[in-house]
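> Output the structure for:
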Amino acid sequence: MPHKVNPKHIAVAGNIGSGKTTLTAMLAKHYKWEPHFEDVEHNPYLIDFYEDMHRWSFNLQIYFLNNRIKHLIDIRGGKDTVIQDRTIYEDAYIFAPNLFDMGLMTKRDYENYTSFFQNLKTLIQPPDLMIYLKTSIPTLVDQIQKRGREYEENIRLDYLKRLNENYNKWIDGYNDGPLLVIDVNNCNFAEKEEDFADVVRRIDAQLFGLF
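Next up is the predicted model:
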């Protein structure tokens, strides 16, 4: 696949607590890209969802899907290179199936959601580079506890495990475009300059053919 000299859309994917927001901010600063962060503070469904997942799962997923589509439209219509914290694929291939498998989303809602996403997918372009933060459960739990978001205190361990399994399954079959997998267990890019430098080197190789 040819290297893109001027990439338009870089995406950072990974489980809750994997370091997506941190890496997005660091890469945006380094490359002078425009960051698009997931707005968890103003999400009108998130707190309700963590208190009653069965009741609010479909509402939450539709909200995410709508926001993600809006971001993709903005990215393709803008002039700047954008780095995105979390992707539309994660909503459809990770979170919605997980909610359905756990009995937290009805079959009717899940089929409706999946059909809606498949229709939307025909209208969108994949990222010029997908960066996946591969993370173990202990690392996720540690990083979630460190950031101390009150509504995340109710996240169950089995929920995180199921998400991780879905993430790994999705990434193993990802063929929509260039992919870079970063093992967060062995790469502390947030605190070690040499680890972040290695991430940058690997991104340069993917995007610009620089080694």
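> State the distance from residue 116 to residue 96.
Using CB to CB, to the nearest Å, residue 116 is found at 10 Å from residue 96. Quick note: C-beta positions are derived from backbone N, CA and C, even for glycine.
> For these two, indicate the residue with more neighbours.
It is residue 96, of residue 116 and residue 96, that has more neighbours when counted by other CB atoms under 10 Å, with 25 against 14.
> and that one, which of the three is it?
helix (DSSP: H, G, I helix; E, B strand; the rest coil).
> Can you name the element that comes right after the helix or strand of the chain with the lowest mean pLDDT?
Averaged element by element with mean pLDDT, DSSP states H and E, the chain has its least confident helix or strand at helix 137-147 (a mean of 80). Sequence order places helix 157-172 as the next helix or strand after helix 137-147, per DSSP states H and E.
> For that following helix, name the packing helices and strands.
Other elements packing on helix 157-172 under the criterion 3 or more CB pairs under 8 Å, 6 or more residues apart in numbering; DSSP states H and E are strand 9-14, helix 88-90, helix 96-101, strand 129-134, helix 137-147.
> Apply 7 Å and report the result again.
Judged by 3 or more CB pairs under 7 Å, 6 or more residues apart in numbering; DSSP states H and E, the packing partners of helix 157-172 are helix 96-101, helix 137-147.
> most tightly surrounded among those helices?
Highest mean neighbour count of these: helix 96-101, a mean of 20 (counted as mean count of other CB atoms under 10 Å).
> ok, and for the helix or strand following that one, which residues are buried?
With elements assigned by DSSP H and E, the helix or strand that comes after helix 96-101 is helix 107-121. Neighbour counts over helix 107-121 (16 or more other CB atoms under 10 Å) mark 109-110, 113, 117, 120 as buried.
> Tell me the one among the residues you listed nearest to residue 183.
residue 117 (28.5 Å; CB to CB).
> Against residue 123, how distant is the closest residue to the closest one other than its chain neighbours?
Closest residue to residue 117 apart from its sequence neighbours, by CB to CB, 6 or more residues apart in numbering: residue 92 at 4.3 Å. Residue 92 sits 14 Å away from residue 123, taking CB to CB as the criterion.
> Give me the more crowded residue out of those two.
Shown here are residue 92 and residue 123; by other CB under 10 Å, residue 92 has more neighbours (22 against 9).
> Now do the phi/psi pair for that one.
phi -80, psi -40 (degrees, to the nearest 10).
> That one reaches residue 118, doesn't it?
No - counting by CB atoms under 7 Å, residue 92 stays clear of residue 118, with 8.3 Å between them.
> in whatever helix or strand residue 74 lives in, what counts as buried?
Here residue 74 sits within helix 53-77, counting by DSSP H and E. For helix 53-77, burial by neighbour count (16+ other CB under 10 Å) applies to 53, 56-58, 60-65, 67-68, 71-72, 75.
> Looking at those residues, which is nearest residue 7?
Nearest to residue 7 among these, with distances taken as CB to CB, is residue 75, at 10.9 Å.
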